[in-house]
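*Asks:* Coordinates only, no sequence provided:
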């Protein structure tokens with residue numbers, strides 16, 4: 001009997017020791033812990049709302065939550081450096097999805113904390129951007145669907161309907177440029193900024209049946225379908241539907257161009273809907289006059305859209321993993337997500353906590369939310385369902401840079417086929433190395 005008791009005690013001691021070595025709480029009192037959450041600086045409404053509501057989490061659990069800001073330009077280097085050190089100064093961190101594959105070694109897989117049913121509440125496309133080697137490394141609590149914004153007043157005055165195909169977009173665009181002093185659409189072709197100029201290009205590409213990489217990760221964007229799609233995308237500029245300045249526009253500059261009332265259409269992430277319609281930085285003629293619809297597709301082609309996420313991950317070196325997951329799980333409650341957006345749409349929160357970010361399926365189709373948001377979440381839900389994602393491989397940031405430069409070169413007059421061929425050769429060499 002004594003030997004059995006001794007054996008049980010020894011097994012228990014080993015289990016506790018192993019838990020401690022793995023950085024888990026090992027059954028410690030969570031009320032004595034503080035979870036540190038790193039978010040990007042920039043006064044992002046959703047992140048500010050998380051911080052404000054974390055006080056409620058502390059009241060419920062006794063776990064303190066501390067938010068710290070990291071400049072976006074330093075984010076990747078900071079995560080990498082702290083991951084290598086094995087002693088991160090934060091437990092949870094937000095990051096751009098394209099960074100995920102290259103930092104996954106520093107992140108804690110979440111499959112051990114939640115089952116498939118938990119992740120089934122999110123659109124498949126955004127979970128895919130958090131998945132590497134069949135493991136889910138982050139919660140896609142901030143995601144943006146790509147939609148087409150248009151000036152309702154301009155379209156009404158000219159008797160136009162929102163375009164559903166790229167061909168229709170060109171047709172209405174020609175009418176707009178002929179009948180008004182506005183550009184038809186403001187895309188953005190500037191290289192850099194984590195491949196911002198690839199989002200619209202990829203939508204053209206995928207909708208035409210082309211791919212960026214094949215199943216063996218060989219570059220195939222320079223096929224005849226890829227060339228045709230790219231020429232149509234660059235054609236917005238060369239055919240005079242886009243302003244000449246779009247050559248040097250990043251996403252922010254193109255948004256500003258639209259907000260100033262200088263164009264009638266803009267393709268981008270849905271979070272700017274409220275910014276266009278209600279922001280003091282929008283021209284008076286723009287405010288309250290911006291509608292939205294799904295991104296156009298090719299004639300007879302499938303509906304497709306790009307998607308971008310800024311998910312929430314746990315550091316592998318966190319010493320407070322149990323408490324960190326407790327907060328992440330609490331934050332991902334569908335009712336919490338809905339409450340943040342409802343309070344924003346009802347103007348019951350400070351302006352710096354305004355957020356319309358919805359990522360959970362039941363909320364995307366929620367009647368109350370869609371009534372308040374003019375149907376925005378239904379359109380977003382459609383876009384998430386039809387979304388394609390960039391490759392989730394460690395080399396994607398470098399590939400993205402290569403393609404981004406190619407897009408910029410073509411926008412400034414370089415031959416499309418030659419640029420795509422050169423980019424494909426550079427990508428192939430990168431992947432071989």
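*Replies:* Structure received. What you see is a predicted model; the values in this text were computed from it and never measured.

*Asks:* do you know how far residue 270 is from residue 142?
*Replies:* Residue 270 sits 12 Å away from residue 142, going by C-beta to C-beta, to the nearest Å. From N, CA and C alone the C-beta is placed, and that goes for glycine too.

*Asks:* which ones are touching residue 228?
*Replies:* residue 208 (C-beta atoms under 8 Å, 6 or more residues apart in numbering).

*Asks:* what about stretch 40-49, start to end distance?
*Replies:* End-to-end distance for stretch 40-49, by C-alpha to C-alpha, to the nearest Å: 14 Å.

*Asks:* Low-confidence regions, the chain specifically.
*Replies:* For the chain, the stretches flagged by pLDDT under 70 are 1-28.

*Asks:* So it: which segments form each domain?
*Replies:* The chain breaks down by automatic domain parsing into domains covering 25-142+310-370, 145-307+395-432.

*Asks:* Adding distance to residue 386, write these out as JSON lines.
*Replies:* Supplementary listing: the domains of the chain in JSON lines, determined by distance: least, C-beta to C-beta, whole Å:
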{"stretch": "domain 25-142+310-370", "distance to residue 386": "8"}
{"stretch": "domain 145-307+395-432", "distance to residue 386": "4"}
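
*Asks:* Residue 380: which of those is closest?
*Replies:* Shortest separation from residue 380 across those is recorded for domain 145-307+395-432, at 4.3 Å, computed as C-beta to C-beta.

*Asks:* roughly how far out does that closest one sit from the chain middle?
*Replies:* Distance of domain 145-307+395-432 from the chain centroid (C-alpha atoms, centre = their mean, to the nearest Å) equals 16 Å.

*Asks:* Now the closest residue to residue 190 other than its chain neighbours. Its backbone dihedrals?
*Replies:* If the residues on either side of it in the chain are set aside, residue 190 comes closest to residue 250, at 4.7 Å by C-beta to C-beta, 6 or more residues apart in numbering. Reported as degrees, to the nearest 10, the phi and psi values for residue 250 are phi -90, psi -180.

*Asks:* Could you check how far residue 250 is from residue 268?
*Replies:* Counting by C-beta to C-beta, the gap between residue 250 and residue 268 amounts to 11 Å.

*Asks:* on that earlier part again, among the domains of the chain, single out whichever gets nearest to residue 377.
*Replies:* Set against residue 377 and scored by C-beta to C-beta, the domains of the chain come closest in domain 25-142+310-370, at 4.9 Å.

*Asks:* for that closest one, the distance to its chain's centre please.
*Replies:* 13 Å.

*Asks:* Select, out of the domains of the chain, the one closest to residue 385.
*Replies:* Within these, the stretch nearest residue 385 is domain 25-142+310-370; the backing value is 6.4 Å (C-beta to C-beta).

*Asks:* Can you verify residue 221 is assigned to a strand?
*Replies:* No. Residue 221: not assigned to a strand; according to DSSP: H, G, I helix; E, B strand; the rest coil it is coil.

*Asks:* tell me the contacts of it?
*Replies:* Contacts here follow C-beta under 8 Å, 6+ apart; on that basis residue 221 touches 205, 210-213, 230, 403, 420, 423-424.

*Asks:* how much space between it and residue 407?
*Replies:* Distance check for residue 221 against residue 407: by C-beta to C-beta, it reads 11 Å.

*Asks:* Now do the shared contacts for these two.
*Replies:* Looking at what touches both residue 221 and residue 407 (by C-beta under 8 Å, 6+ apart), the common residues are residue 230.

*Asks:* From the opening residue of stretch 135-144 to its closing one, how far?
*Replies:* Chord length of stretch 135-144, first to last residue, is 22 Å (C-alpha to C-alpha).

*Asks:* so how far is that stretch from its chain's centroid?
*Replies:* In terms of C-alpha atoms, centre = their mean, the centre of stretch 135-144 is found 9 Å from the chain centre.

*Asks:* Buried residues, it. List them.
*Replies:* Buried residues in stretch 135-144, counting neighbours by 16 or more other C-beta atoms under 10 Å, are found at 136-144.

*Asks:* Specify which member of these is nearest to residue 33.
*Replies:* Using C-beta to C-beta, residue 139 is the member of the buried residues of stretch 135-144 that lies nearest residue 33, at 19.5 Å.

*Asks:* mind pulling up the phi and psi values for the closest one?
*Replies:* With angles defined as degrees, to the nearest 10, residue 139 shows backbone torsions of phi -100, psi 120.

*Asks:* Likewise for residue 353?
*Replies:* For residue 353, the backbone dihedrals are phi -110, psi 10 (criterion: degrees, to the nearest 10).

*Asks:* which one of residue 250 and residue 268 has more residues nearby?
*Replies:* Using other C-beta atoms under 10 Å, the more surrounded residue of residue 250 and residue 268 is residue 268, with 26 against 15.

*Asks:* Can you say which of the domains of the chain is nearest to residue 382?
*Replies:* Using C-beta to C-beta as the criterion, the shortest distance between residue 382 and the domains of the chain is 5.6 Å, found for domain 145-307+395-432.

*Asks:* can you tell me the distance between the two ends of the closest one?
*Replies:* Between the opening and closing residues of domain 145-307+395-432 we find a distance of 33 Å, counting by C-alpha to C-alpha.
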